[in-house]
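Trainee: Structural data only, the sequence is not supplied:
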């Protein structure tokens, strides 16, 4: 008889714990999100080329990242992993700029599409950030390559929660 009562108490405690966990999940804060998550720009990198580039943004509270990919802009030489120091400067709708920085990049062979990021920055709720008017500076072996958007990003600026 004691064994049966122990099993019932154990099962009841498990049900209560499960119900409390489910309630906690229901009241957990919603994850913050940036919209749109991806945008495209037409970039001009001077003598290093240019063309379409995709920007992908993520947000976790006030921390945000942006990754830049472009098959139109290619690596001039073979580059090792995390060998490009990059700063992406985006323009705030209300004035000012936000910089996203980092040294994250995959290894690339000469002629490979360029990818940098995720580059890290700090945002505030409601920030609306646009690449047009900003720049991407990439420093490789002491040489700085500056790319600028030739027009507004599509479908529109990144808006952070």
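Mentor: All right, it came through fine. Keep in mind that what you see is a predicted model, and the values were worked out from it rather than measured.

Trainee: what sits against the closest residue to residue 75 other than its chain neighbours?
Mentor: Counting by CB to CB, 6 or more residues apart in numbering, the nearest residue to residue 75 once its immediate chain neighbours are dropped is residue 108, at 4.1 Å. No exception for glycine: its C-beta is placed from N, CA and C like everyone else's. Residues near residue 108 by CB atoms under 8 Å, 6 or more residues apart in numbering: 75, 78, 79, 114, 115.

Trainee: for residue 108, which residues make a bridge with it?
Mentor: Here residue 108 sits in beta bridges with residue 79, as judged by DSSP bridges.

Trainee: Check residue 128 too.
Mentor: Following DSSP bridges, residue 128 is listed with bridge partners residue 159.

Trainee: give the contact list for it.
Mentor: Contacts of residue 128 (CB under 8 Å, 6+ apart): 92, 93, 94, 157, 158, 159, 160.

Trainee: These, buried ones only, as a ChimeraX selection?
Mentor: A single ChimeraX command selects the buried members of the contacts of residue 128 (16 or more other CB atoms under 10 Å):
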select :92,157,158,159,160
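
Trainee: which one among the contacts of residue 128 gets closest to residue 37?
Mentor: residue 158 (8.5 Å; CB to CB).

Trainee: do you know how far residue 53 is from residue 86?
Mentor: Going from residue 53 to residue 86 by CB to CB, to the nearest Å gives 13 Å.

Trainee: Can you pull the residues that touch both of the two?
Mentor: Between them, residue 53 and residue 86 share the contacting residues residue 68, judged by CB under 8 Å, 6+ apart.

Trainee: The two: which has the busier surroundings?
Mentor: Neighbour totals were compared for residue 53 and residue 86, and residue 53 leads with 25 against 22 (other CB atoms under 10 Å).

Trainee: what's the closest non-adjacent residue to the more buried one?
Mentor: Here the residue nearest residue 53, using CB to CB, 6+ apart, is residue 70, at 3.8 Å.

Trainee: buried set for the helix or strand that that neighbour is a member of?
Mentor: Using DSSP states H and E, residue 70 falls within strand 63-74. The neighbour-count check on strand 63-74 (16+ other CB under 10 Å) flags 64, 65, 66, 67, 68, 69, 70, 73, 74 as buried.

Trainee: Go through the contacts of residue 128 and name the one with the lowest pLDDT.
Mentor: Lowest pLDDT within these is found at residue 94 (91).

Trainee: so that residue, which of the three states?
Mentor: Using DSSP: H, G, I helix; E, B strand; the rest coil, the structure places residue 94 in coil.
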